[in-house]
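Student: When you get a sec, could you give me coordinates for this:
(one chain, ligands or ions: 1)
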Amino acid sequence: MKLSLAVLALTLSSALSFTIPSNAAHRRTVNSDTSMTTQLQATTGVARNKNFAKLAGGYLFPEIGRRRNAYLEQNPSANIISLGIGDTTQPIPSAILKGLVDGAAALGTQDGYSGYGAEQGKADLREKISEVLYNGLIDPSEVFVSDGAKCDIQRIQNMFGPDVTSAVQDPSYPVYVDTSVMMGQTQQLDEAKGQYDGIVYMECNEANGFYPDVAASPRADVVYICSPNNPTGVAATRAQLEETVKVCKERGSILVFDAAYAPFIRSSDVPKSIFEIEGAKDCAIEVNSFSKYAGFTGVRLGWTVVPEGLKFSDGTPVRQDFNRVMTTSFNGASNIVQAGGLACLSPAGMKEIETLIDYYLENAGILRKTFIDLGYNVYGGTDAPYIFVSLNGKSSWDTFSEILEKAEVVTIPGAGFGPGGEGFLRLSAFAPREGVIEACERLKKAMA
Ligand SMILES: Cc1ncc(COP(=O)(O)O)c(C=O)c1O
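Tutor: Below you'll find the model as predicted:
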């Protein structure tokens, strides 16, 4: 292929410009006044992964950043406040920080030095996760410590491969859909619907309380449920999760439960883990993260629980294959960061986490009140850091642009999370308090 491209380039080098075929869908024009070296580097002989070519546009958050930067370019003096991306802003509290610092300092001593660790994570951290966060409901050997929930979702997909069908909540965190597309589980994007053929979209809307009717949806091999939910901010009730576990067990589906926002749950009797539901160990995997617990979005630490008894249809334990994925593609979370994770789970660390989460939940309360006072229907924000505002039929991208221009506030259009998010706006409570208050003042004027 490389050679044939070179021959083609030489043959046509006298022409003003020519087109090098790279694949059927993409052709690149190279001007003849560029050097031959440049021309030969224009493409390789490697065919693009056809599944990547199916992916729609860019990943949502870089697209929001692009629009924000375009606005800043045109309005260089703009004072933009971001209520957009769900990134934490408050500093890491002292007891947890000390864990990280001590973890780093230990590496400078002969006794404290450690190199590669177990790919599954340090034994003491796996034990603490089981004990402190799951009250012993799961065994430490079922915990895989990682560099975050997002990476784990991709690793779980590696294990499932291309031949499974996946079901997602619509709207949902885009990573479930995009990784399914990358793995080759789908056909093309249906542009009219904004949905990929081959994925089961489970509708979440105001009428069903933003929780899907899993039983009424077609069967899928893998069912992704996120609670508390990004983007709707709604936490699933015990009854809803019981019904989902029941349906998954009856249908022989694996439930991938994303509990990254579990520490925000304040309502009594709302489960923080799927393993609080009877029977879940026969059908569920849980992904989780220290990102939102302790402001570890940049530090990077998460974990996945794969129950020992969970099995594929041929009887192979799922944990065995996930262990194979982890030991092959991951060399263990940073030892410094795992020391920080242990500090999170100490009594002092857990207290700090609660204070941090309270701060963000107060922000969410301020945002909720602002939109309720403006007369909007508002969801989420009580057990989650996101509020989801109904725009009464208005387009979410148009409203995003209008708010950016009128109030210089960045939000996230619900449509970015799937067609089911159209007509809604997601606001994040992770901004500093002054930013939230100022943004609310501006929004009151812009949206009145
Ligand atoms: C639902 C959900 N899961 C997972 C993640 C990513 O977590 P991590 O930072 O551990 O990769 C996010 C991040 O925003 C999220 O919203």
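Student: List the buried residues for stretch 249-258?
Tutor: Of the residues in stretch 249-258, those with enough neighbours to count as buried (16 or more other C-beta atoms under 10 Å) are 253, 254, 255, 256, 257, 258. Every C-beta, even on glycine, is put in place using the N, C-alpha and C of the backbone.
Student: again, but for stretch 135-148
Tutor: Counting neighbours by 16+ other C-beta under 10 Å, one finds that the buried residues in stretch 135-148 are 137, 138, 140, 142, 143, 144, 145, 146, 147, 148.
Student: which of the buried residues of stretch 249-258 lies closest to residue 278?
Tutor: Ranking the buried residues of stretch 249-258 by separation from residue 278, with C-beta to C-beta as the measure, puts residue 255 on top at 13.5 Å.
Student: roughly how far apart are the closest one and residue 215?
Tutor: In this structure, residue 255 lies at 13 Å from residue 215, with C-beta to C-beta, to the nearest Å as the measure.
Student: Would you mind listing what in the stretch 251-400 of the chain touches the ligand?
Tutor: 258, 260, 289, 291, 297, 302 (C-beta under 6 Å from any ligand atom).
Student: Could you identify the pair within those that is furthest apart?
Tutor: Across those, the longest distance by C-beta to C-beta is 15.4 Å; it joins 258 and 297.
Student: Get me the contact residues on the stretch 101-250 of the chain for the ligand.
Tutor: 148, 149, 150, 173, 226, 230.
Student: List the contacts of the fourth one.
Tutor: If I follow you right, that is residue 173. Residue 173 makes contacts with 226, 230, 231, 258, 417, as judged by C-beta atoms under 8 Å, 6 or more residues apart in numbering.
Student: Surely the fourth one and residue 236 touch.
Tutor: Right, residue 258. No. Using C-beta atoms under 8 Å as the test, residue 258 is too far from residue 236 to be in contact (11.2 Å).
Student: Please enumerate the shared neighbours of those two.
Tutor: A shared contact of residue 258 and residue 236, defined by C-beta under 8 Å, 6+ apart, is any residue touching both; here these are 225, 227.
Student: need the helices for the stretch 51-200 of the chain, in chain order.
Tutor: Ranges of helices in the stretch 51-200 of the chain, per DSSP state H, counting those that start in this stretch, are 60-74, 94-106, 123-128, 149-160, 175-183.
Student: Arrange those in a markdown table, one row each, with distance to residue 207 as further columns.
Tutor: Formatted as a markdown table, those follow (distance: least, C-beta to C-beta, whole Å):
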| stretch | distance to residue 207 |
| --- | --- |
| helix 60-74 | 25 |
| helix 94-106 | 41 |
| helix 123-128 | 42 |
| helix 149-160 | 28 |
| helix 175-183 | 23 |
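Student: Now for residue 187, how many residues are close by?
Tutor: Neighbour count for residue 187, taken as other C-beta atoms under 10 Å: 12.
Student: Also the one 10 residues further on?
Tutor: In terms of burial, residue 197 registers 11 neighbours under the definition other C-beta under 10 Å.
Student: Walk me through the domains of the chain.
Tutor: According to the domain assignment given by automatic domain parsing, the chain is divided into the following structural domains: 2-47, 60-87+349-447, 94-346.
Student: could you dump the ones you listed to JSON lines with distance to residue 54 and mean pLDDT?
Tutor: What follows is the domains of the chain, written out as JSON lines (distance: least, C-beta to C-beta, whole Å; pLDDT from 0 to 100):
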{"stretch": "domain 2-47", "distance to residue 54": "10", "mean pLDDT": "50"}
{"stretch": "domain 60-87+349-447", "distance to residue 54": "16", "mean pLDDT": "95"}
{"stretch": "domain 94-346", "distance to residue 54": "5", "mean pLDDT": "97"}
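Student: Please render those as TSV that adds distance to residue 53 to the earlier fields.
Tutor: What follows is those, written out as TSV (distance: least, C-beta to C-beta, whole Å):
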stretch	distance to residue 53
domain 2-47	6
domain 60-87+349-447	18
domain 94-346	9
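Student: what about the strands in the stretch 201-350 of the chain?
Tutor: 222-226, 254-258, 284-289, 302-305 (DSSP state E, counting those that start in this stretch).
Student: The first one pairs with which strands?
Tutor: Looking at strand 222-226 with DSSP bridges, its paired strands and their directions are strand 166-170 (parallel), strand 254-258 (parallel).
Student: before we move on, back to that, name the nearest of the buried residues of stretch 249-258 relative to the ligand.
Tutor: Nearest to the ligand among the buried residues of stretch 249-258 is residue 258, at 4.7 Å by C-beta to the nearest ligand atom.
Student: For the closest one, give the beta-bridge partners.
Tutor: When bridges are assigned using DSSP bridges, the partners listed for residue 258 are residue 226, residue 287.
Student: ok, it - contacts?
Tutor: Counting by C-beta under 8 Å, 6+ apart, residue 258 makes contact with 149, 153, 173, 224, 225, 226, 227, 286, 287, 288.
Student: The nearest residue to residue 362 once chain neighbours are set aside: neighbour count?
Tutor: Once its chain neighbours are removed from consideration, residue 362 has its nearest residue in residue 433; the separation is 7.6 Å (C-beta to C-beta, 6 or more residues apart in numbering). Here the count is done by other C-beta under 10 Å, and residue 433 has 15 residues near it.
Student: right, and residue 433 touches residue 359 too?
Tutor: Yes. Contact between residue 433 and residue 359 holds when scored by C-beta under 8 Å: they sit 7.3 Å apart.
Student: Name the residues that touch stretch 290-300?
Tutor: Outside of stretch 290-300, the residues that reach it under the criterion C-beta under 8 Å, 6+ apart are 86-88, 90-93, 96, 100, 147-149, 260-261, 263-264, 289, 301-302, 333-334, 337, 340-341, 344, 349, 352-353, 356-357, 385.
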